[in-house]
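In: Quick one, fold the following:
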Amino acid sequence: MFLTQRSWSVDDRVAIALSAPFHPWKSIAFATTEPKFLVEFGNSYANDGGFRYLLVSGVETLAQMGVAPGTVIDSVHYLSCEGRCHPPVLDALWEIRRISSPDEPAQYAYRREDGTWSGIGQWPITHVVPFEHQTVVFALRFGPTNLQVGKDASQGN
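Out: Residues are numbered from 1 along each chain as shown. A predicted model of the protein is given here:
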């Protein structure tokens with residue numbers, strides 16, 4: 001979830017007019033209850049009047065965006081905010097898998113560009129289902145193994 005307040009709004013009339021129908025803000029805050037992602041869209045999306053970059057809250061929102069018709073996502077970075085003892089990290093990713101069984105609360109892991117895996121979120125991972133039973137919920141179309149969005153992990157890489 002992203003938050004803002006009226007005192008953070010942009011007062012410049014030109015900026016307001018240029019950003020319509022959106023509302024420009026100088027600052028936003030966010031809760032860490034859901035993971036955050038920085039999404040970079042392809043040039044075609046940016047050239048159609050859209051934004052090149054978008055902050056997204058939640059794995060499900062990112063997955064829905066990835067399968068939207070005409071959407072070309074060039075890159076996704078996970079914004080890891082592990083608490084006050086660790087600085088935030090912006091980590092490029094290729095794939096996100098649900099690593100918990102369907103009858104358990106959703107837990108996810110992401111694959112970095114170098115092929116290593118890391119958990120998403122600040123909660124400890126309690127149980128990981130075998131790799132062949134994990135479900136791919138998001139993948140860049142042109143990742144290291146050319147994975148497709150929504151492909152079930154049990155069908156192989």
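
In: Which strand runs longest in this structure?
Out: For the chain, the strand reaching the highest residue count under DSSP state E is reported as strand 89-98.

In: Remind me what it packs against, helices and strands.
Out: Judged by 3 or more CB pairs under 8 Å, 6 or more residues apart in numbering; DSSP states H and E, strand 89-98 is in contact with helix 59-66, strand 73-80, strand 108-112, strand 135-139. For the C-beta atoms, the positions are set from N, CA and C on the backbone; glycine is no exception.

In: just the CA coordinates of the second one, formatted as CSV?
Out: As requested, the backbone C-alpha atoms of strand 73-80 are provided in CSV (Å, rounded to 0.1, in the frame of the first residue of the first chain):
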residue,chain,number,x,y,z
ILE,A,73,7.8,-5.3,-19.1
ASP,A,74,11.5,-4.8,-19.6
SER,A,75,12.6,-5.3,-16.0
VAL,A,76,11.4,-5.8,-12.5
HIS,A,77,13.3,-5.0,-9.3
TYR,A,78,12.2,-6.2,-5.8
LEU,A,79,12.6,-3.6,-3.1
SER,A,80,13.6,-5.5,-0.1
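
In: so what strands line up beside that strand?
Out: When pairs are called by DSSP bridges, strand 73-80 turns out to pair with strand 36-41 (antiparallel), strand 89-98 (antiparallel).

In: angle of that strand against strand 108-112?
Out: Here strand 73-80 points in a direction 120 degrees away from that of strand 108-112 (axes from the mean of the first three to the mean of the last three CA atoms, to 10 degrees).

In: Give the buried residues for strand 73-80.
Out: Within strand 73-80, the residues that count as buried by 16 or more other CB atoms under 10 Å are Ile73, Val76, His77, Tyr78, Leu79, Ser80.

In: what mean pLDDT does that strand have?
Out: For strand 73-80, mean pLDDT is 92.

In: which residues touch it?
Out: The contact list for strand 73-80, computed with CB atoms under 8 Å, 6 or more residues apart in numbering, reads 35-42, 55, 62, 65-66, 88-93, 110, 118, 120, 138, 140-141.
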